[in-house]
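>>> Sequence plus the predicted model coming up.
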Amino acid sequence: MRSRVRTTKVQLPRQRGRRGPSAHVIDLGRGAAPVVVVIPERPTLGRQLAYATGSALWRHRAAWAPTWGALGLFTAAGLLSVAAPAAGIVLTVPALLVPAGWALVRRWHPRSAVRRRARALRLPVLLTSAVALWTGAACLFGTINWPLFGLWAAATATGQAAWWRSRRTVPTVPLQP
């Protein structure tokens, strides 16, 4: 007659956020030492894909910074267009007045150092004003409005390309030892 082998399932503690493997303790009886069988957990295909995607995005997070910023701006503008469309007016008025004040300072300020500094700040002032103007228009008309969405997509692609171009600058003259 065949004797029955008694087994006990043991759950091992979690290992760094993942489900741990399960283990079975087999009692052979008659004074024999119990045997522990560990069965590793096999991750699903979806879990493997999610892990690979997440690790790739984390590894290249600095290279995609303008795109993440643009997605955040798009989401914030979409939420503002639903919750408070009048916020568009609050954003568009300074977006129009700041470049006008900058142009006046650049042209008519009595001190030449201030005029030079204003000329040096041309690109940041215009970019900030364009972003505020787009955000205000998106709050008023909605982010899914196709001209605004096309403008956002073009600006995001241009900003990402300029970011990659500025980060990939390689010296053309070799270094001397």
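Sure, I can see it. Numbers count the residues shown, from 1 in each chain.
>>> any low-confidence regions in the chain?
1-23, 39, 169-171, 175, 177 (pLDDT under 70).
>>> Setting the sequence-adjacent residues aside, check what's closest to the residue positioned nearest the centre of the chain.
With distances taken as Cα atoms, centre = their mean, Trp68 lies nearest the centre of the chain, 3.8 Å away. Closest residue in space to Trp68, ignoring its immediate chain neighbours: Arg61 at 7.7 Å, by Cβ to Cβ, 6 or more residues apart in numbering. No exception for glycine: its C-beta is placed from N, CA and C like everyone else's.
>>> Strands along this structure, start to end?
Taking DSSP state E as the test, the strands found in the chain are 6-11, 22-27, 35-39.
>>> For Ala118, which non-adjacent residue is spatially closest?
Per Cβ to Cβ, 6+ apart, closest to Ala118 is Arg106, 4.0 Å.
>>> Same check on Asn145?
Going by Cβ to Cβ, 6+ apart, Asn145 has Ala138 as its nearest residue, at 7.5 Å.
>>> How many residues are close by that neighbour?
26 (other Cβ atoms under 10 Å).
>>> List the residues that contact it.
74, 77-78, 80-81, 88, 145, 148, 152 (Cβ atoms under 8 Å, 6 or more residues apart in numbering).
>>> how close does Phe149 sit to Thr135?
13 Å (Cβ to Cβ, to the nearest Å).
>>> Kindly report the same for Leu97.
Per Cβ to Cβ, Leu97 is found 15 Å from Thr135.
>>> Who has more neighbours out of those two?
Neighbour comparison, Leu97 and Thr135: the larger count goes to Thr135, with 24 against 11 (by other Cβ under 10 Å).
>>> The more buried one contacts Ile89, correct?
No - the criterion here is Cβ atoms under 8 Å, and Thr135 misses it with Ile89 at 11.6 Å.
>>> any chance you could map the helices in the protein?
Here the chain has its helices, by DSSP state H, at 45-59, 65-83, 87-108, 112-120, 122-141, 146-167.
>>> any chance of these in CSV, with distance to Gly31 too?
CSV is the format used below for the helices of the chain (distance: least, Cβ to Cβ, whole Å):
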stretch, distance to Gly31
helix 45-59, 43
helix 65-83, 64
helix 87-108, 79
helix 112-120, 88
helix 122-141, 78
helix 146-167, 69
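>>> Can you tell me which of those helices is packed in deepest?
helix 122-141 (a mean of 17; mean count of other Cβ atoms under 10 Å).
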